[in-house]
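Asks: okay, here's the prediction I keep looking at, along with the sequence it came from:
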Amino acid sequence: AQSVTQPDIHITVSEGASLELRCNYSYGATPYLFWYVQSPGQGLQLLLKYFSGDTLVQGIKGFEAEFKRSQSSFNLRKPSVHWSDAAEYFCAVGASDYKLSFGAGTTVTVRA
Amino acid sequence: EPEVTQTPSHQVTQMGQEVILRCVPISNHLYFYWYRQILGQKVEFLVSFYNNEISEKSEIFDDQFSVERPDGSNFTLKIRSTKLEDSAMYFCASSVTSTLHEQYFGPGTRLTVT
């Protein structure tokens, strides 16, 4: 079954430092991949998506992600983190025509 | 910017009671979904709905659950007889078409079953 793994449960990063969140997927064909962010008390907001084409995708809030088929990865990056980036981040794969399969999430803490 | 809305934001109910969670998807979207997130766990797919019928459901979505689009704007999830383990955040989502287009999520309804 299609699934994603987020190896890091919790990451702490200093404000202004770079951030990379890891995501590995399991899928036979070309996957549809997504990153969502959930701020405390909020719903899930789509940061970016990959369907095909350019393997480096740009998203909102200064985030980008790179699809690497050889490593079955879709890691999320941001060059310089702001305190408002403290949230939980979910990687997801389109597991069928209709459903998303989410990873367990990575909680990001930003320290001043 | 259009958004998915959900009501109520928090629902407390007693075990065995029926609850209805409501969602208003984005107006031009055709596919509707419910997901849930038990505290500390991953977001899990429950059901997808298109053209007034269920297109896919998970093993979680048993006979205690039902979905309905009672009018042109609302999309509801009913839990017939709630159990303690139904306590979770329930997210509604909608998309223009299928997963080929991104799903937009609402803010969630926190359901607490006591």
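Replies: Thanks, I have the structure now.
Asks: who are the contact partners of the closest residue in space to residue A:1 that isn't next to it in sequence?
Replies: Leaving aside its chain neighbours, residue A:1 sits nearest to residue A:95 (6.9 Å; criterion: C-beta to C-beta, 6 or more residues apart in numbering or on different chains). In this view, the C-beta of every residue, glycine as well, is placed from N, C-alpha and C. Residue A:95 sits next to A:1-3, A:101, B:45, B:99 when contact means C-beta atoms under 8 Å, 6 or more residues apart in numbering or on different chains.
Asks: then residue A:10?
Replies: Residue A:10 neighbours (C-beta under 8 Å, 6+ apart): A:106-109.
Asks: name the element the residue sitting nearest the centre point of chain A belongs to?
Replies: Using C-alpha atoms, centre = their mean, the residue of chain A that lies closest to the mean C-alpha position is residue A:35, 3.7 Å off. According to DSSP states H and E, residue A:35 maps onto strand A:33-38.
Asks: and the strands in the chain?
Replies: Picking chain A for this. A:3-5, A:10-14, A:19-21, A:24-26, A:33-38, A:44-50, A:56-58, A:64-68, A:73-78, A:87-94, A:100-102, A:106-111 (DSSP state E).
Asks: meant chain B actually
Replies: B:5-7, B:10-13, B:19-24, B:31-37, B:43-50, B:53-57, B:65-68, B:75-79, B:88-95, B:104-105, B:109-113.
Asks: in JSON lines: those, plus mean pLDDT and distance to chain A.
Replies: Output for the strands of chain B, formatted as JSON lines (pLDDT from 0 to 100; distance: least, C-beta to the nearest C-beta, whole Å):
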{"stretch": "strand B:5-7", "mean pLDDT": "95", "distance to chain A": "8"}
{"stretch": "strand B:10-13", "mean pLDDT": "97", "distance to chain A": "11"}
{"stretch": "strand B:19-24", "mean pLDDT": "97", "distance to chain A": "11"}
{"stretch": "strand B:31-37", "mean pLDDT": "95", "distance to chain A": "7"}
{"stretch": "strand B:43-50", "mean pLDDT": "95", "distance to chain A": "4"}
{"stretch": "strand B:53-57", "mean pLDDT": "94", "distance to chain A": "4"}
{"stretch": "strand B:65-68", "mean pLDDT": "96", "distance to chain A": "13"}
{"stretch": "strand B:75-79", "mean pLDDT": "97", "distance to chain A": "14"}
{"stretch": "strand B:88-95", "mean pLDDT": "95", "distance to chain A": "6"}
{"stretch": "strand B:104-105", "mean pLDDT": "92", "distance to chain A": "4"}
{"stretch": "strand B:109-113", "mean pLDDT": "97", "distance to chain A": "9"}
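Asks: least confident pick among the contacts of residue A:95?
Replies: On pLDDT alone, residue B:99 ranks lowest of the contacts of residue A:95, at 60.
Asks: now do residue B:26: how many residues are near it, please.
Replies: 17 (other C-beta atoms under 10 Å in any protein chain shown).
Asks: run through the residues that contact it.
Replies: Per C-beta under 8 Å, 6+ apart, neighbours of residue B:26: B:2-4, B:94, B:104.
Asks: now it, nearest residue through space, not along the chain?
Replies: Closest to residue B:26 by C-beta to C-beta, 6+ apart is residue B:2, at 4.6 Å.
Asks: distance check, that neighbour against residue A:34.
Replies: 19 Å (C-beta to C-beta, to the nearest Å).
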